[in-house]
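> no FASTA, just this:
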């Protein structure tokens, strides 16, 4: 039997798409600079059993499977490889259960992050992980990449909320990993292993997540303006040393502020060269004041704190709009390094040096409280020489993050863009463990091949 | 070269012990009912490199390696298998680093839990996981079993605090997994996979853990007495539904109270048939009052709340002393099931039925707020028939936990005692994934063979 016949036996014909325009639209994620292969077909399964049947057919015929959610990834992890089946899971978008007593939700992989958050909120509950893509990205994709976000500094990342998974294995079996209970140590924590494995170990068909109570009380916003990246970095280190755990601690630099101003005329750059945006959700004014004190002592040129939700939204808009504002200026190469929090000033200093040395513009947004920096390298559209310089700067920044005891990716994943950096970070012996695990769980080598490893 | 010569080449002679009495003392953990094999030798490595050399020698000669910390496990995970090398890691007991700015500690595996907690407290920091064995058990053993404890209900388990590991692999390589940064997604989360793998995937030689700030303010203790297990279970479900997250919510039943009274004459059983012990560490009297309200509405026959540390200690002593008090009465077979929190009353009811049906005494202590129950089956010493009945009750309770959507082990691990139960819980397809991972990471099959799988 030919593969296409096997595929036709696995799912109804209307679930298989081979139209070139549709394939092109589904063939890549948001990593503008990552290579893209030519897919064989797009399959839109209707349920987990169809996912299983497709993966089994692909395993039998040695055809690569590239799973994808909303395609909002920033590392090329969902990009097509030649001859692959693109497995689009965005149609599996049902919230199967919200259990207020157990404080958990069970969802299909295509449920959009913000939709889960809204549904949980109806029960007074909260799904904390909040990647910037939350209006579009799916819980399946968030789980496959172990997505982070703004509130991680206090509430952790996707892995901290995933209790259990239903997955299709590389041999085409549908299994349940993990649990519904609060604790559990029966066997290996394969659910934790699958979180962040970027579709290379299995295809996620259902996710059980832990929920928290919605924080009560009005959040406090604390903003500080600084004359330099390094001064802002010192404030971040001071907050870490103080023991205050803000619910957000974001950094936005002058390139971003200016780009947002040019787009939306918000006058943000008048506030200062670099902004730190903090949020306190304990309802404790003393904690907000202490956060502001950290900013001031580190040399803030201006600072404020407020419980006004509208004002807070306006200030955090500087963070939210920075990325689209920069994209208006040209292709953006997005970094995602994470360093020890105390070394944020060093890392920001090194990034500035790389911008000068490679003659490229590097804007910075950062989940500063985690040490997770997103230098954004912007080049003029069509300037091939600038693009090459940007790529050299990109790799140099990865190496510096590793040299400072950090990692090449805090939350975006390895995909295609961080493969060299990850190899440098992990070393050959650890890569060998990765290859052994990959071969054990995907013996046919069909699951998102060429990603991560 | 014979194996003993290879071992002698791996470590200095004084590190190898073959004395029968010493071997016997190191050959088992605290699971009184689990089988024990006859070890070949005990090795006490002085550093990670010696651990590596021993594992490499064992891999080359196909000799089993059974790693152990303090031997306080309750599932037989550290019990010797025939012809094994017992690898005693309790001598690797240095706290290598406490970094207050990054809020992390780096320790050798033999560091005792309470010692790390005390060292962290000197910096105003806190390592939350608090198994009952914390005065004796090691961070290495806690990590290998993903140990829980009393404060998990609010603060999570060992896995939630392990950032990185140094491990010796099954092929005798010394590698670093995980990270020091707050976030990181470079490659598979092998550190998470190794946590809770009970020495079957590698030998842990160093652990990097995240620390929290010590909670400030006086904790509130809230105690309720109930006329039946099921009434107390209803109070637990009411707390879960209320959204209050106490820092502890422990249950102690009449068997335990009486055993403690008989031993220490504390008059605990006069308070009621079943006690719920709650702790609130937010400094919020309203939360303590709300917790007490949950107890009262669920039918508490008596309740109190207090900020008196001495009084709290006296009441929590009922919890702490229950296990040793029961051990005075005969061999104790310790359960560790975990069920959805709302099903705690059902599970407690089923446990009572099994006690009657199998004619055994079953005492209950429980991390009730997590749904993690520890039915303790006590039989008279030397009564072989009672022992057999107890073992049947043990397996029946495991099956009931699985039937209620729970797990056969919340925090003690599989070891030898829960192998059948785990197989029933996970099913053949998931066991196949376990075997594939095990074979990938321990190709010689030498690492703690016969445990878990």
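Yes, it's here. For clarity, every value in this text was computed on a predicted model and none was experimentally measured.
> Quick one: residues contacting residue A:153.
A:245-249, A:367, A:369-370, B:182 (CB atoms under 8 Å, 6 or more residues apart in numbering or on different chains). Yep, even glycine has a C-beta here, placed from its N, CA and C like the rest.
> Counting only helices, which of those residues make the cut?
Taking DSSP state H, every one of the contacts of residue A:153 sits outside helices.
> Residue A:330 contacts residue A:380, doesn't it?
Yes. Taking CB atoms under 8 Å as the definition, residue A:330 is a contact partner of residue A:380 at 4.9 Å.
> who has more neighbours, those two?
Higher neighbour count among residue A:330 and residue A:380: residue A:330, with 18 against 11, using other CB atoms under 10 Å in any protein chain shown.
> Ramachandran angles for the closest residue to residue A:376 other than its chain neighbours?
Excluding the flanking residues, the one nearest residue A:376 by CB to CB, 6 or more residues apart in numbering or on different chains is residue A:363, at 4.5 Å. Per-residue torsions, residue A:363: phi -90, psi 160 (degrees, to the nearest 10).
> Run a quick neighbour tally on residue A:363.
Other residues near residue A:363 come to 25 when the count uses other CB under 10 Å.
> Residue A:322 is in contact with that one, correct?
Yes. Assessed by CB under 8 Å, residue A:363 is found in contact with residue A:322 at 7.2 Å.
> which residues do these two both contact?
Listed as contacting both residue A:363 and residue A:322 by CB under 8 Å, 6+ apart are A:256, A:259, A:376.
> now the residues you listed in TSV, with distance to residue B:30 and neighbour count?
Putting the shared contacts of residue A:363 and residue A:322 into TSV (distance: CB to CB, whole Å; neighbours: other CB atoms under 10 Å in any protein chain shown) gives the following:
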residue	distance to residue B:30	neighbour count
A:256	57	26
A:259	62	25
A:376	55	22
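> Looking at the residues you listed, which one is closest to chain B?
Using CB to the nearest CB, residue A:376 is the member of those that lies nearest chain B, at 17.9 Å.
> Would you agree that closest one is in contact with residue A:325?
No. Using CB under 8 Å, residue A:376 is not in contact with residue A:325, being 10.2 Å away.
> Tell me which residue of the stretch 1-150 of chain A lies closest to chain B.
For the stretch 1-150 of chain A, CB to the nearest CB, closest residue to chain B: residue A:101, 4.4 Å.
> Over to that residue. Which of the three states is it?
coil (DSSP: H, G, I helix; E, B strand; the rest coil).
> ok, and the closest non-adjacent residue to it?
Residue A:101 sits nearest to residue B:342 (CB to CB, 6+ apart), 4.4 Å away.
> Equivalent analysis for residue A:66, please.
The shortest distance from residue A:66 to any non-neighbouring residue, by CB to CB, 6+ apart, is to residue A:84 (4.8 Å).
> what residues are up against the one you found?
Per CB under 8 Å, 6+ apart, neighbours of residue A:84: A:37, A:39-40, A:63-66.
> now residue A:186
Residue A:186 sits next to A:179, B:407-409, B:414, B:418, B:421-422, B:425-426 when contact means CB under 8 Å, 6+ apart.
> again, only this time at 6 Å
B:407-409, B:422, B:425 (CB atoms under 6 Å, 6 or more residues apart in numbering or on different chains).
> With residue A:283 instead?
Neighbours of residue A:283 in contact, by CB under 6 Å, 6+ apart: residue A:217.
> and it, that one's in a helix?
No. Going by three-state DSSP, the assignment for residue A:283 is coil, not a helix.
> Those residues of the stretch 201-350 of chain A touching chain B, which are they?
Residues of the stretch 201-350 of chain A lying close to chain B (CB under 6 Å from any CB of the partner chain) are A:213, A:240-241, A:243, A:338, A:340, A:342.
> Now pLDDT too, for the contacts of residue A:153, in a markdown table please.
Putting the contacts of residue A:153 into a markdown table (pLDDT from 0 to 100) gives the following:
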| residue | pLDDT |
| --- | --- |
| A:245 | 91 |
| A:246 | 95 |
| A:247 | 95 |
| A:248 | 96 |
| A:249 | 97 |
| A:367 | 96 |
| A:369 | 94 |
| A:370 | 94 |
| B:182 | 93 |
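> Around chain B, which positions in the stretch 351-453 of chain A sit nearby?
When proximity is defined as CB under 6 Å from any CB, the stretch 351-453 of chain A approaches chain B at A:370-372, A:405-411, A:413, A:422, A:425-426, A:429-430, A:433-434, A:436-437, A:440.
> Now, of those residues, which are buried?
Using 16 or more other CB atoms under 10 Å in any protein chain shown as the burial test, these include A:370-372, A:406-411, A:413, A:422, A:425-426, A:430, A:433-434, A:436-437, A:440 as buried.
> Inside helices: which ones of those?
Judged by DSSP H, those include A:422, A:425-426, A:430, A:433-434, A:436-437, A:440 as members of helices.
> wait, which of these is closest to residue B:47?
Of all these, residue B:47 sits closest to residue A:430, with 20.4 Å by CB to CB.
> Near the nearest residue to the closest one once chain neighbours are set aside, how many other residues are there?
With sequence-adjacent residues excluded and distances taken as CB to CB, 6+ apart, residue A:430 is closest to residue B:175, at 5.2 Å. Applying other CB under 10 Å, we find 21 other residues in the vicinity of residue B:175.
> For the host helix or strand of residue B:175, which helices and strands make contact with it?
Residue B:175 belongs to strand B:174-178 when assigned by DSSP states H and E. Packing partners of strand B:174-178 (3 or more CB pairs under 6 Å, 6 or more residues apart in numbering or on different chains; DSSP states H and E): strand B:162-169, helix B:190-194.
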